[in-house]
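# Predicted model, plus sequence, below.
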Amino acid sequence: MDSVQTVSDMIGVYALNIAIAIVIFFIGKWIAKKIADFAKKLMIKNKNVDDTLANFLDDIIYYVLMVVVILTAVKQLGVDTTSFFAILGAAGLAIGLALKDSLGNLASGVMIIMFRPFNVGDVITAAGVTGKVEEVSIFNSILITGDNQKIIVPNGSILGGSITNINAKPERRVDLVIGISYDDDIKKAKDILNSIVEADERVLKDKGITVAVSELADSSVNFVVRAWVNTPDYWNVKFDLTENIKVTFDNEGITIPYPQQDVHHYNND
């Protein structure tokens, strides 16, 4: 009779512990969700924190709290949680080694989102790729090239090298190198180049225009032509100036030379 009573008492204790563990789990889950949501709201209110980073940190906070809740519930059942910590540590080490590259991309993604070397919509050159940033996620970034190709670049590759943010600034400088023949009039060519650049309304005249002889090359006298424009106008201005210079030089009889070699033939006889 005593043994039956003892078994009954043990079942009652286990049942009570199971009930308490269930209550701990569900209440703890609710509290973890509330804390994670509250932290996310605080981060969203801070305009310096990107939405992607806020969502990522929200998930991290929630899952870390859930691990604590689960361990607390398991401990209520009388299970020694020390072994669980050992298992979690070993599993974490194994997962870390297996996902080393992915974790590196994740860390790089967090740094990109936090420090913002570029934003969505910027045109960048990174990891050997040039394109417009369409999306920045935790593990990779999506770039759209000029010919509308979609390229997915790991964040680790982006952060591991130099990043050129092409349109980060509102203004850019157009740089051209124009060569003329040694037989042509340098002053005339310089005046023509100045007039062509000044005639383009997209050129920012207040920033200054540079037309100067930069090099006496093997086959030509080279001018540098430099003019500032608004960043969206950069390529159109560069293409138009190049075409206008060629057409005007042809009309004015100024030669744009190409590499030449003089070959001397001697008759030994």
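Received, thanks. Residues are numbered from 1 along each chain as shown.

# Where does pLDDT dip in the stretch 51-200 of the chain?
51-53, 55-56, 79-102 (pLDDT under 70).

# same thing but at 50, please
Across the stretch 51-200 of the chain, nothing is flagged by pLDDT under 50.

# Can you spell out which helices and strands pack onto the one helix or strand Asp240 maps to?
If you go by DSSP states H and E, Asp240 is part of helix 234-252. For helix 234-252, the elements it packs on are strand 171-180, helix 186-199, strand 221-230, judged by 3 or more C-beta pairs under 8 Å, 6 or more residues apart in numbering; DSSP states H and E. For glycine as for every other residue, the C-beta is placed from the backbone atoms N, C-alpha and C.

# what about 7 Å?
The contact analysis (3 or more C-beta pairs under 7 Å, 6 or more residues apart in numbering; DSSP states H and E) places helix 234-252 against strand 171-180, helix 186-199.

# Mind listing what's buried along the last one?
So that's helix 186-199. By neighbour count on 16 or more other C-beta atoms under 10 Å, the buried set for helix 186-199 is Ala189, Lys190, Ile192, Leu193, Ile196, Val197.

# quick one: that helix to strand 171-180, angle?
Put simply, helix 186-199 runs at 150 degrees to strand 171-180, going by axes from the mean of the first three to the mean of the last three C-alpha atoms, to 10 degrees.

# got the angle between helix 186-199 and strand 221-230?
10 degrees.

# what's helix 186-199 in contact with?
Helix 186-199 is contacted by residues 178, 180, 203, 209, 211, 213, 221, 223, 225, 227, 241, 244-245, 248, 252, 254 when judged by C-beta atoms under 7 Å, 6 or more residues apart in numbering.

# Out of the buried residues of helix 186-199, flag the one nearest to Ala54.
Val197 (47.4 Å; C-beta to C-beta).

# Could you pull out the strands in the stretch 1-150 of the chain for me?
123-126, 129-136, 140-144, 150-154 (DSSP state E, counting those that start in this stretch).

# Show me what secondary structure element comes after the last one.
This points to strand 150-154. Next along from strand 150-154, by DSSP H and E: helix 155-159.

# I'd like the next helix or strand past that following helix.
Using DSSP H and E, the next helix or strand after helix 155-159 towards the C-terminus is strand 163-165.

# ok, for Ile130, nearest residue in space, not its chain neighbours?
Heads up, residue 130 is Thr, not Ile. Distances taken as C-beta to C-beta, 6 or more residues apart in numbering place Thr145 nearest to Thr130, at 6.8 Å, with adjacent residues excluded.

# and that neighbour, what are its phi and psi?
phi -80, psi 170 (degrees, to the nearest 10).

# how many other residues sit next to it?
Other residues near Thr145 come to 13 when the count uses other C-beta atoms under 10 Å.

# Other residues contacting the helix holding Asp240?
Here helix 234-252 makes contact (C-beta under 7 Å, 6+ apart) with 172, 174, 176, 178, 192-193, 196-197, 200, 202-203, 229, 256.
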